[in-house]
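S.K.: have a look; sequence and predicted model below, questions after that.
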Amino acid sequence: MWLIVAREPLPDKAYWPGRVWLAILDALAWPALWSLLVLKAPMPTGLIGPMVMALSLLLGLNRLHRAIWVNHRYRFTTWRWGKVAVGLMLIGLVMNVVMSH
């Protein structure tokens, strides 16, 4: 038997001055970062490189549309992955302190 559960959509994000501009910056920065990583790859990327570049362009356009016209639905990628990166750095710092004593 199949059981289909529809999740409730996330609530709209609150608007604050500058949110649109930061969302535009966030929406363009991540696809640009992926494209830069492909361009600066130390080995030939073959067919995968152009595919990643095209995919990052398409996803970047989608994110840009959401950042400008549907801003109440835009979720900041930098905020989401920044929390993960800070958490990993804190774990590394704690391990460094514990191992050095």
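M.R.: That came in fine, so what should we check first? Residues are numbered from 1 along each chain as shown.

S.K.: switch to C-alpha atoms for all contacts and neighbour counts from now on
M.R.: Fine.

S.K.: mind naming the longest helix for the protein?
M.R.: In the chain, with assignment by DSSP state H, the single longest helix is helix 77-100.

S.K.: avg pLDDT for it?
M.R.: Per-residue pLDDT over helix 77-100 has a mean of 94.

S.K.: for it, packing partners?
M.R.: helix 19-39 (3 or more C-alpha pairs under 8 Å, 6 or more residues apart in numbering; DSSP states H and E).

S.K.: distance of I91 from V98?
M.R.: According to C-alpha to C-alpha, to the nearest Å, I91 and V98 sit 11 Å apart.

S.K.: and those two? which has more neighbours close in?
M.R.: I91 (12 against 9; other C-alpha atoms under 10 Å).

S.K.: look up how far I48 lies from the more buried one.
M.R.: 34 Å.

S.K.: by how many degrees do the longest helix of the chain and helix 19-39 diverge?
M.R.: 70 degrees (axes from the mean of the first three to the mean of the last three C-alpha atoms, to 10 degrees).

S.K.: how many neighbours does V38 have?
M.R.: 19.

S.K.: distance check, the closest residue to it other than its chain neighbours against G60.
M.R.: Nearest residue to V38 in three dimensions, chain neighbours excluded: G49, at 5.8 Å (C-alpha to C-alpha, 6 or more residues apart in numbering). To G60, G49 is 16 Å away according to C-alpha to C-alpha.

S.K.: more neighbours: the two, which one.
M.R.: Per other C-alpha under 10 Å, whichever of G49 and G60 has more neighbours is G60, with 20 against 16.

S.K.: tell me the buried residues in the host helix or strand of the more buried one?
M.R.: Following DSSP states H and E, one finds G60 within helix 48-69. By 16 or more other C-alpha atoms under 10 Å, the buried positions in helix 48-69 come out as G49, V52, M53, S56, L57, L59, G60, R63, L64, R66, A67, I68.
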